[in-house]
Each structure stands twice: as structure tokens, then as C-alpha cells.
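Asks: for reference, the sequence and a predicted model appear below.
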Amino acid sequence: MDRTRLRLERSLDVLDIEVSSLLQAHPSATEFWPRFAQLADELMQRSGVTDQDWLTARIGAMLATHGVEGRYPMF
């Protein structure tokens, strides 16, 4: 695994922990999504173009694991 992907994996681990915290602090979707999107957007900005589809899929799987309805990025 290349260094960029490894850094992204570590960042995804941190984001996964943040999702749990955000859901506890902001159970309403209208409160959760802006906060989550800010964190996910920062992660996406640190990724390369070739990693963005992979990263989007991983974020989607993470949200599904937490039972979050909706999709990132929100179009």
C-alpha cells in the first residue's frame, strides 16, 4: 500500500471514531450532516484524484456501518 493510501486509511480510522461522537452529540440529521461533511471534505481535499472514488466508497461504507441514512457527498 502506498503512503498516500496508508495516510488516508489512518484518517478514515479517525473519522470513524468522529462519526460515533457526532452521532451521540448531534443525533438530528440536520445537525450531524454539516459537521460530518466538513470533516469528510477535509479528508477528500487531502486525497489525490485517483483516490477519491475509493475514499467516497469507504466513507459510504462507514456511514452504513453506523446506520447513517444519506450519502456523502450530498448532491
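Replies: Everything's here; your move.
Asks: show me the helices in the chain, by range?
Replies: 3-25, 29-45, 52-65 (DSSP state H).
Asks: among those helices, which is nearest M74?
Replies: helix 29-45 (6.8 Å; Cβ to Cβ). Every C-beta, even on glycine, is put in place using the N, C-alpha and C of the backbone.
Asks: re the thing from before, could you dump the helices of the chain into a markdown table and include mean pLDDT, distance to P73 and mean neighbour count?
Replies: Converted to a markdown table, the helices of the chain look like this (pLDDT from 0 to 100; distance: least, Cβ to Cβ, whole Å; neighbours: other Cβ atoms under 10 Å):
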| stretch | mean pLDDT | distance to P73 | mean neighbour count |
| --- | --- | --- | --- |
| helix 3-25 | 95 | 14 | 13 |
| helix 29-45 | 96 | 7 | 14 |
| helix 52-65 | 96 | 7 | 14 |
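Asks: looking at these, which is nearest to R71?
Replies: Of all these, helix 52-65 comes closest under Cβ to Cβ, at 6.6 Å.
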